[in-house]
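**Q** need coordinates for the following:
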Amino acid sequence: MAKLTVEAVEGRKAVKEFVDYPYRKYKGDPNWVPPLRIAQHDFLEERKNPLWRHARRTLYLARRDGRTMGRVAYIEDDEHMRVHEERVAFFGFFEAEDEQVAAALLEVVEAHAAANGLMAVRGPINGTMNDGAGFQIDAFDEKPYVMMPQNPPEYPRWMEGLGYAKVKDLYAFYFDNRRPISERVGRLAERTAARYDVTVRPADMKRFDREVAILKKIHTAAWEHNWGNVPLSEAEVEYLANDLKMIIDPELVLFLEHKGEPVALSVVVPDINQVLVRFDGRLLPFGVFHLLRRKKIINRVRLVMLGVLPEHRHKGFDLLLIHESVKRAKARGVVEGECGWTLEDNTRINRAIEAAGGVHNKTYRIFQKGL
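**A** As a prediction, the model looks like this:
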């Protein structure tokens, strides 16, 4: 039988092989959406991505007779261990041709974590919870929305066979924007706005830095006690904002203000995957033309962020923002959308999404194994 080896990635050529492997593995798969290769390289580049100022990663490639058969990233995040007081390592960017390759990759990750005195391995988490987390366990016949992971159906089964168990599920909700907007939800939203004297405004791109500062303030407070969340540093917020700035529609980035002060926000982004699926992760020579035509191509959106300051929860602000996002998206020709992810046990927000018309249709599972 051909010999299987797992080796740490060293040098630019090997990093390129790490990034390029999924493009070969999924070539011809009609539901796979190839991410931009340059974005993948930038994310893994320690000098460019501020995540690596408080986290470390080792990339591994599995080879059989010299042919790449899989990959995985071993990640230690000092901030996560400090905030959550748990000594865990993450695995991410996981791909494998078969179960034997999967076992070999995770065995190396587990050995790496044990050698560093850690107590468990958790994943997949592709950097942080915000960068793609969990293995998809259903809806495999659907193309993913922007910034959401995807994987073949066998991966979760392999995890269980290798001794990993569910630690948390993440939910995504589908919105059919071709349906009429609920009059009942509209009345509730109007009642909430009048009762608390709040207004909703779109992002002001002329004051982008100010808007980013507001986003950071609300994100830090609203997500403070969320499972797995780590507060974003100033540099990480700037890194995220610069990425989003390239694709956002300012009319779908909303701030809810109470007595003139922003207390909640929602961020809806066009589903750029509808463009990316048309080329192989490269902007040149033809991909750039698809990007220029994206307003004609894209008719789906994803609500990627919804947060309310803790002192203003249970007032209906989340439902108001979701309703306003749906209404504005409909006016801009959006026919469907996705809201998520959310934590499976975040009952308050999940009920608000369902009340506004969202249907839970996808689940992403994070696994963990004790060492």
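
**Q** what is the neighbour count of Pro156?
**A** If you count neighbours by other CB atoms under 10 Å, Pro156 ends up with 21. Yep, even glycine has a C-beta here, placed from its N, CA and C like the rest.

**Q** contacting residues around Glu338?
**A** Residues in contact with Glu338 (CB atoms under 8 Å, 6 or more residues apart in numbering) are Tyr145, Met148, Ala172, Phe173, Tyr174, Phe175, Asp271, Arg300, Val301, Arg302, Leu303, Lys362.

**Q** which residues touch the closest residue to Asn273 other than its chain neighbours?
**A** Nearest residue to Asn273, sequence neighbours excluded (CB to CB, 6 or more residues apart in numbering): Val33, at 4.5 Å. Neighbour list for Val33: Lys143, Pro144, Gln150, Asn273, Leu276, Val277 [criterion: CB under 8 Å, 6+ apart].

**Q** now, which of those lie within helices?
**A** Asn273, Leu276 (DSSP state H).

**Q** export the contacts of Val33 as a markdown table, with columns for neighbour count, distance to Leu105 and pLDDT.
**A** Conversion of the contacts of Val33 to a markdown table gives the following (neighbours: other CB atoms under 10 Å; distance: CB to CB, whole Å; pLDDT from 0 to 100):
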| residue | neighbour count | distance to Leu105 | pLDDT |
| --- | --- | --- | --- |
| Lys143 | 16 | 26 | 91 |
| Pro144 | 22 | 22 | 94 |
| Gln150 | 21 | 18 | 94 |
| Asn273 | 21 | 26 | 88 |
| Leu276 | 20 | 26 | 83 |
| Val277 | 18 | 27 | 81 |
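
**Q** out of the contacts of Val33, flag the one nearest to Phe43.
**A** Here the nearest of the contacts of Val33 to Phe43, counting by CB to CB, is Leu276; it sits at 15.1 Å.

**Q** tell me the secondary structure of Ile248, please.
**A** coil (DSSP: H, G, I helix; E, B strand; the rest coil).

**Q** that one and Leu371, how far apart?
**A** Separation of Ile248 from Leu371 (CB to CB, to the nearest Å) stands at 41 Å.

**Q** which stretches of the stretch 201-350 of the chain have low pLDDT?
**A** Judged against pLDDT under 70, the low-scoring parts of the stretch 201-350 of the chain cover residues 280-295.

**Q** Gly117 reaches Ala89, doesn't it?
**A** No - assessed by CB atoms under 8 Å, Gly117 is found out of contact with Ala89, at 10.3 Å.

**Q** higher neighbour count, those two?
**A** Remark: of Gly117 and Ala89, Ala89 carries more neighbours, 25 against 8, as counted by other CB under 10 Å.

**Q** mind listing what that one touches?
**A** Tyr74, Ile75, Glu76, Val109, His112, Ala113, Asn116, Leu118, Ala120, Val121, Arg122.

**Q** if you rank those by neighbours, which is first?
**A** Highest neighbour count within these: Ile75, with 28 neighbours (other CB under 10 Å).

**Q** and the residue nearest the centre of the chain, what's its pLDDT?
**A** Nearest to the geometric centre of the chain sits Gly132, at 3.8 Å (CA atoms, centre = their mean). According to the prediction, Gly132 has pLDDT 89.

**Q** ok, it - contacts?
**A** Gly92, Pro124, Ile125, Asn126, Met147, Met148, Pro149.

**Q** now Ala355
**A** Counting by CB under 8 Å, 6+ apart, Ala355 touches Val185, Leu188, Leu319.

**Q** in a markdown table, list those residues along with neighbour count and distance to Arg351.
**A** Listed next are the contacts of Ala355 as a markdown table, based on neighbours: other CB atoms under 10 Å; distance: CB to CB, whole Å:
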| residue | neighbour count | distance to Arg351 |
| --- | --- | --- |
| Val185 | 19 | 12 |
| Leu188 | 17 | 13 |
| Leu319 | 19 | 9 |
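
**Q** between the residues you listed, which sits nearest Ala241?
**A** Leu319 (26.0 Å).

**Q** check which helix or strand covers the closest one.
**A** helix 317-331 (DSSP states H and E).

**Q** just how off-centre is that helix within its chain?
**A** Offset of helix 317-331 from its chain centre (CA atoms, centre = their mean, to the nearest Å): 21 Å.

**Q** residue contacts, the closest residue to Ala103 other than its chain neighbours?
**A** With sequence-adjacent residues excluded and distances taken as CB to CB, 6+ apart, Ala103 is closest to Leu162, at 5.7 Å. Leu162 is in contact with Ala102, Ala103, Leu106, Lys369, counting by CB under 8 Å, 6+ apart.

**Q** where is the longest helix in the protein?
**A** helix 99-115.

**Q** okay, and the closest residue to Glu238 other than its chain neighbours sits in which element?
**A** For Glu238, ignoring the flanking residues on the chain, the nearest one in space by CB to CB, 6+ apart is Val212 at 6.9 Å. Assigned by DSSP H and E, Val212 belongs to helix 208-222.
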